[in-house]
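Engineer: My questions are about this predicted structure, shown below with the sequence.
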Amino acid sequence: MESKVADPKADEEAAKEVADQSTNGAADQDSAEDVESTDNKDTDAVAAGSAAKKKKSKKAKLKQALGVGKKENGDKEASGGPSNLGSKLTSGMVEQLLEMNPSLKGEVAGMDKEKAAETLKKLDVADLLTGMSVSGKNQKDMASYKFWQTQPVPRFDEAQKEEDGQIKDIDPEKVPKEPPPMLEGFEWVTMNLLNDEELEEVYDLLTGHYVEDDEAMFRFNYSSSFLNWALKSPGWRKEWHVGVRATKSRRLVAFISGTPVSLRVRSNVFKSTEVNFLCIHKKLRSKRLAPVLIQEITRRSYVLGIFQGLYTGGIVLPKPVSSCRYFHRSLDWLKLYEVGFSPLPSNSTKARQITRYHLPSSTSTPGLRSMQKKDVDAVLDLLGRFLERFTMVPVFDREEVEHWLLHDDSAAEQVVWSYVVEDPSTHVITDFFSFYCLESSVIGNQKHDNVRAAYLFYYATETAFANEEKGLKERMTMLMTDALILAKKFNFDVFNALTLLDNPLFLESLKFGAGDGQLHYYLYNYRTAPISGGVDAKNNVDASRRGGIGVVML
Ligand SMILES: CCCCCCCCCCCCCC(=O)SCCNC(=O)CCNC(=O)[C@H](O)C(C)(C)COP(=O)(O)OP(=O)(O)OC[C@H]1O[C@@H](n2cnc3c(N)ncnc32)[C@H](O)[C@@H]1OP(=O)(O)O
């Protein structure tokens, strides 16, 4: 999901609105005609922004009820992250908490208020926020997932009894030959993304309707060049660019995509479909269209003999195989403050914040240079060995390394930046790193309309193979400092990273602030034990929990 630096003040403001606001948005009753007549996406954006102001997220309300994020945090930027409840939870809060998150009721069934408060105090805030229990028995109510409970995904309460592997056997003969029925007034289409106009239609749909942060302040704005890169990776299939059009106007109102990826989970390597860019026009929300899109991309995957899926999301579904946390490193702190992305800590000043995030003007790693085509084999080899250290990783071939890491000169906008370190004496490539550009639209801000974010992508370093990883932390810190300097040079406002790969080694020392967003990883039709996401039970970054997630999703 969209994440921003966790802000204690926002939660307090949200709390003031809790009392008189309903948590449920009014069900959208608009017809196909309404969607067809809505041509102005700016109107949608403004509407989304103001709706969000009226209806603060359930998560923000829960955080407020828990008193999370109120403590002062020295010069540290983020204090909104989960913390120990300690003695904050009074019995009076329990009712409010249960009302907001009914799935917690199972935790305290039959207890009086004091006992219930005691029990809830023992839970992690992160689990309270997601409705998951730490007791092992998950209390998230499977029955409330009308669609997901029918799918071959692990249940919340499922203990890992069996060996890793497929949940359900798929008989290719029994896979339906046709898509499921579509809502009246709409029809299935396969998008032809070789056609610039159709690519632009997908871009327009996502720009107006794709993922927003909890408070609807920012919305991902993937560029057309980005979509072209992400959706046409080696082995891409036209059939996996699935759209829904309004029959009369031909307007594109929904989209879902798949790209093939060879995945290793623990010791098993299998083909899977990486599903992304699921998006439904705001006027067609809550009509159970998402399950139909998911069923269709699943069918199209089965048809081609791929029976596993990989996907990520900011929301909790049955059942994450791992969860990582977003971290954000300010490059232009003032702009981030002005758009509401970063808070001003109460014990700091704007001038001090700007100074805090100042970076040197040039890089310092000897032998650092842009990656070129001639480096592909060396990077393929280094990255392959580096990723062997993680539990869930993509298995890239040469063509994929070239596609994902080399900047395509013919693209209208640069999407990916990759650098290698060539040892000045041996000319061996000893390290590489990359980041990609993903802008976000700022919704309803007078001064700025976008935030230009660099996202840390793949990297690798020979120092990872030293005995006991000696020197890895120092080397990663040096490389990532250079990545920040380069991103600043290319006018990025913020540098984002998750707690995956070896990132926990440098996030805090390089002044990344904890975000308010999580990224949950899911596998479809595949069972495996939970994989560490680089955070501890309190959702704090934890270097000892590296080694799990090594796949970076766009
Ligand atoms: C073998 C190969 C397999 C391939 C398939 C692998 C699976 C791929 C899975 C997809 C991976 C996508 C990866 C990405 O792209 S993650 C990005 C998702 N996109 C957005 O957040 C963009 C903005 N939001 C929207 O466009 C809509 O709100 C969406 C489309 C998200 C839902 O539309 P809407 O709000 O109008 O809801 P509904 O009434 O139609 O449907 C409600 C049902 O849909 C379930 N739902 C809601 N959000 C998600 C979600 N992000 N992943 C999976 N399921 C989701 C929800 O729990 C409920 O089911 P259940 O709770 O009753 O059970």
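Structural biologist: That came through fine.

Engineer: When you work out contacts or count neighbours from here on, use the C-alpha atoms and nothing else.
Structural biologist: OK.

Engineer: what's the spatially closest residue to residue 502 that is not a sequence neighbour sitting at in phi/psi?
Structural biologist: Leaving out its chain neighbours, the residue that sits closest to residue 502 by CA to CA, 6 or more residues apart in numbering is residue 546, at 6.1 Å. The phi/psi pair for residue 546 (degrees, to the nearest 10) reads phi -70, psi 170.

Engineer: my read: residue 546 touches residue 533, true?
Structural biologist: Yes - in this structure, residue 546 is within contact of residue 533 by CA atoms under 8 Å, at 7.0 Å.

Engineer: okay, the two: which has more neighbours?
Structural biologist: The neighbour comparison of residue 546 against residue 533 (other CA atoms under 10 Å) goes to residue 533, with 28 against 24.

Engineer: Please give the element, helix or strand, for the more buried one.
Structural biologist: Assigned by DSSP states H and E, residue 533 belongs to no helix or strand.

Engineer: and what of residue 479?
Structural biologist: Using DSSP H and E, residue 479 falls in helix 472-489.

Engineer: That helix packs against which elements?
Structural biologist: Identification of packing neighbours for helix 472-489 by 3 or more CA pairs under 8 Å, 6 or more residues apart in numbering; DSSP states H and E yields strand 429-442.

Engineer: distance between the strand it packs on and the chain's centre?
Structural biologist: Per CA atoms, centre = their mean, to the nearest Å, the displacement of strand 429-442 from the mean C-alpha position of its chain is 15 Å.

Engineer: Would you mind writing the CA trace of whatever helix or strand comes next after it as PDB?
Structural biologist: As assigned by DSSP H and E, the chain's next helix or strand after strand 429-442 is strand 450-461. Coordinates of each C-alpha in strand 450-461 appear next as PDB, following Å, rounded to 0.1, in the frame of the first residue of the first chain:
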ATOM      1  CA  ASN A 450       3.400  14.900  -6.800                       C
ATOM      2  CA  VAL A 451       6.000  13.100  -4.600                       C
ATOM      3  CA  ARG A 452       8.900  11.600  -6.600                       C
ATOM      4  CA  ALA A 453       9.900   8.400  -4.800                       C
ATOM      5  CA  ALA A 454      12.800   6.100  -5.400                       C
ATOM      6  CA  TYR A 455      12.200   2.600  -4.300                       C
ATOM      7  CA  LEU A 456      15.100   0.400  -3.400                       C
ATOM      8  CA  PHE A 457      15.100  -2.600  -5.800                       C
ATOM      9  CA  TYR A 458      17.600  -5.500  -6.100                       C
ATOM     10  CA  TYR A 459      21.200  -5.300  -5.000                       C
ATOM     11  CA  ALA A 460      24.100  -7.700  -4.100                       C
ATOM     12  CA  THR A 461      27.500  -7.500  -2.700                       C
END
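
Engineer: Sheet partners, orientation included, of strand 450-461?
Structural biologist: Under the criterion DSSP bridges, strand 450-461 sits next to strand 429-442 (antiparallel), strand 494-498 (parallel) in its sheet.

Engineer: Deepest-packed of these, please.
Structural biologist: Counting by mean count of other CA atoms under 10 Å, strand 494-498 has the highest mean neighbour count of the strands paired with strand 450-461, with a mean of 25.

Engineer: And the nearest residue to residue 424 once chain neighbours are set aside, how close does it get to residue 4?
Structural biologist: In space, and not counting its chain neighbours, residue 424 is closest to residue 367: 5.6 Å by CA to CA, 6+ apart. Separation of residue 367 from residue 4 (CA to CA, to the nearest Å) stands at 34 Å.

Engineer: which of those two has more neighbours?
Structural biologist: Neighbour totals were compared for residue 367 and residue 4, and residue 4 leads with 25 against 17 (other CA under 10 Å).

Engineer: Would you mind measuring from the more buried one to residue 278?
Structural biologist: 21 Å.

Engineer: With just CA atoms, put stretch 264-274 into CSV.
Structural biologist: In CSV, the C-alpha atoms belonging to stretch 264-274 read as follows (Å, rounded to 0.1, in the frame of the first residue of the first chain):
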residue,chain,number,x,y,z
ARG,A,264,12.1,-20.3,-5.1
VAL,A,265,10.4,-20.9,-1.7
ARG,A,266,12.8,-22.6,0.6
SER,A,267,14.2,-25.5,-1.5
ASN,A,268,11.4,-25.6,-4.1
VAL,A,269,11.5,-23.7,-7.4
PHE,A,270,8.2,-23.3,-9.3
LYS,A,271,6.6,-21.2,-12.0
SER,A,272,4.1,-18.7,-10.7
THR,A,273,2.0,-15.8,-11.8
GLU,A,274,2.9,-12.5,-10.1
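
Engineer: when you scan that stretch, is anything in it near the ligand?
Structural biologist: Yes - using CA under 6 Å from any ligand atom, a contact is recorded between stretch 264-274 and the ligand, made by residue 273.

Engineer: quick one on the thing from earlier: show me the common contact partners of residue 546 and residue 533, please.
Structural biologist: Residues within reach of residue 546 and of residue 533 at once, by CA atoms under 8 Å, 6 or more residues apart in numbering, are residue 500.

Engineer: got the contact list for the closest residue to residue 372 other than its chain neighbours?
Structural biologist: Leaving aside its sequence neighbours, residue 372 sits nearest to residue 406 (CA to CA, 6+ apart; 6.9 Å). With contact taken as CA under 8 Å, 6+ apart, residue 406 is in contact with 371-373, 416-418.

Engineer: For the ligand, state which of those residues is nearest.
Structural biologist: Nearest to the ligand among the contacts of residue 406: residue 416, at 20.4 Å, using CA to the nearest ligand atom.
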